[in-house]
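Novice: sequence first, then the predicted structure:
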Protein chains: 2
Amino acid sequence: MVTAAAKAKSRKARQMDRAALERVADVFRVFSEPTRLAIIQSLKGGARNVNELVEELGTSQANISKQLRLLYDARILNREKQGNQVFYSIDEDIVFPLCELVCVKLNREARERAPYDFSI
Amino acid sequence: MVTAAAKAKSRKARQMDRAALERVADVFRVFSEPTRLAIIQSLKGGARNVNELVEELGTSQANISKQLRLLYDARILNREKQGNQVFYSIDEDIVFPLCELVCVKLNREARERAPYDFSI
DNA sequence: CTATTGCATAGCTGTATGACCATATACAAT
DNA sequence: ATTGTATATGGTCATACAGCTATGCAATAG
């Protein structure tokens, strides 16, 4: 007899383990905060230094720096020091298709309900 | 004179506002927990009822139900009641390309460092 | 009817983290 | 060297939320 648990186990063989799923989750988590998305949105227009981002995004410099570090550690952003300043830019080609997929989903749903136009 | 703030403002004109960014962040957040990814991974093999998922994923039934509700509310999953049971299935075509983009990124990075094979 | 099974929900706890303030560090200008 | 400017970091607070236990509720079985 083939139990449900056995079926589950055989399925499991082809699957990522918990640790791998956590790595995937970590990547999604980086994109799961509006401030970080705002940074990405801004950097779509090209490299910016920290102060430019602070002015544009209207939150504290400390917070911007923190989120930039997170994005940098996740290998989403590139970092380049120029004298006194640090310029960040997008260094990961998955960023745009990833955001576009989500925006397309939201636009499709919004078309029946809300006036937003989602597109980073 | 064109100030940095003015430049920032004109960039802002073409951009999503905070509320829209939060909607985008919400979608990413749904994908940012390993248990929910495990559910998605399991449902890739077809519809499952709650008990099957509980057996397969090794967490409490209450927790599975909670995460299923989250995924359903985010319009990621489809829900179908059959008598006593409730079957869930993937109801969102962005799920696989979204996961694949992230897995490709991680595999590329892992190729130089870790032994995982990321693919939901 | 009552019992059982399958799922959902409420309440709780611990942990993670976004945002703030203050401060530290690094480089530049004088 | 001193002062100023740009960025990073440590500490704190408040909030969000995954997972747990207990319970509620719906559908079937007996």
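Specialist: Ah, there it is. Residues are numbered from 1 along each chain as shown, chains lettered A, B, ... in the order given.

Novice: how about the residue most central in space within chain A: what's its closest non-neighbour residue?
Specialist: With distances taken as Cα atoms, centre = their mean, A:Phe31 lies nearest the centre of chain A, 2.5 Å away. Of all residues not flanking A:Phe31 in the chain, B:Phe28 sits nearest, at 4.0 Å (Cβ to Cβ, 6 or more residues apart in numbering or on different chains). The way it works is simple: take the backbone N, C-alpha and C, and place the C-beta from them, glycine included.

Novice: can you give me the pLDDT of that neighbour?
Specialist: You'll see B:Phe28 listed with a pLDDT of 98.

Novice: that one: which element?
Specialist: helix B:18-30 (DSSP states H and E).

Novice: ok, residues contacting the helix or strand just after that helix?
Specialist: Later in the chain than helix B:18-30, the nearest helix or strand by DSSP H and E is helix B:34-43. When contacts are defined by Cβ atoms under 8 Å, 6 or more residues apart in numbering or on different chains, helix B:34-43 is touched by residues A:11, A:15-16, A:18, A:21-22, A:24-25, B:30-31, B:48, B:52-53, B:56-57, B:59, B:63-64, B:67-68, B:70-71, B:76-77, B:88-90, B:95, B:99, B:120.

Novice: mind checking which of those are buried?
Specialist: A:11, A:15-16, A:21, A:24-25, B:30-31, B:48, B:52-53, B:56-57, B:64, B:67-68, B:70-71, B:76-77, B:88, B:90, B:95, B:99, B:120 (16 or more other Cβ atoms under 10 Å in any protein chain shown).

Novice: what number of residues are in the vicinity of the residue lying closest to A:Gln85 once chain neighbours are set aside?
Specialist: Nearest non-adjacent residue to A:Gln85, counting by Cβ to Cβ, 6+ apart: A:Asn49, 4.4 Å away. Per other Cβ atoms under 10 Å in any protein chain shown, the neighbour tally for A:Asn49 reads 15.

Novice: tell me the bridge partners for A:Asn49.
Specialist: Counting by DSSP bridges, A:Asn49 is bridged to A:Phe87.

Novice: and the pLDDT at it?
Specialist: A:Asn49 carries a pLDDT value of 97.

Novice: please tell me how far it sits from A:Pro34.
Specialist: A:Asn49 is 21 Å from A:Pro34, where distance means Cβ to Cβ, to the nearest Å.

Novice: cool, A:Leu21 as well?
Specialist: Separation of A:Leu21 from A:Pro34 (Cβ to Cβ) stands at 24 Å.

Novice: again, but for A:Lys105
Specialist: Note on A:Lys105: its distance to A:Pro34, by Cβ to Cβ, is 17 Å.

Novice: what's the answer for A:Asn107, then?
Specialist: From A:Asn107 over to A:Pro34 the distance is 17 Å, taken as Cβ to Cβ.

Novice: those two: which is more packed in?
Specialist: Shown here are A:Asn107 and A:Pro34; by other Cβ under 10 Å, A:Pro34 has more neighbours (20 against 14).
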